[in-house]
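1. sequence and predicted model, in that order:
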Amino acid sequence: MADSPANAPAHHPQRRLVTVCQNRSCLRSGSEQVLAEFEKHRTPNLRVSGSECQGQCSSGPTVRVMPDNTWYCQVTPADVAIIVDEHFSGNQPVARLLHPRLHQTASSYAHLAAQAQGDPD
């Protein structure tokens, strides 16, 4: 017997934990405001927490998403709504914010090359 929509299993959003580094160098780069923006999007399936140093000081503010093990770097308060929309609602990590040393993609290599040449973007 074919499954009908009434018999289909209910879709449950994935539970996630977002940690935002609150150590000195990330704080100087605005991580307190990034954490505050994530707090605005807290739901029963999205826990948000400040963290100790995540060991990526030169790339801060650093945000880690679990259980995905996704690392975002140089996150601004304006980026938070994009992460929530694209990653948490659409299940597509935001490629331009992925930490280039931890997520090896073609855009990561372009980002590293730009940094090596002194391009801030």
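-> Noted; the coordinates are in hand. Residues are numbered from 1 along each chain as shown.

2. can you pull out the helices in this protein?
-> Using DSSP state H, the helices of the chain run over 24-28, 31-39, 77-82, 106-116.

3. tell me the mean pLDDT for the third one?
-> Per-region confidence: helix 77-82 scores 98 on mean pLDDT.

4. what comes into contact with it?
-> Helix 77-82 has contacts (C-beta atoms under 8 Å, 6 or more residues apart in numbering) with Gly30, Gln33, Val34, Ala36, Glu37, Phe38, Lys40, His41, Tyr72, Val94, Leu97. Yep, even glycine has a C-beta here, placed from its N, CA and C like the rest.

5. which parts of that helix are buried?
-> Buried residues in helix 77-82, counted by 16 or more other C-beta atoms under 10 Å: Pro77, Asp79, Val80.

6. OK, contacts around Leu35?
-> Val20, Gln22, Val48, Gly50.

7. likewise Glu37?
-> Pro77, Val80, Ala81.

8. let's see that with 10 Å instead.
-> Val20, Val48, Val75, Thr76, Pro77, Ala78, Asp79, Val80, Ala81, Ile83, Val84 (C-beta atoms under 10 Å, 6 or more residues apart in numbering).

9. state the distance from it to Pro61.
-> Using C-beta to C-beta, to the nearest Å, one obtains 11 Å as the distance from Glu37 to Pro61.
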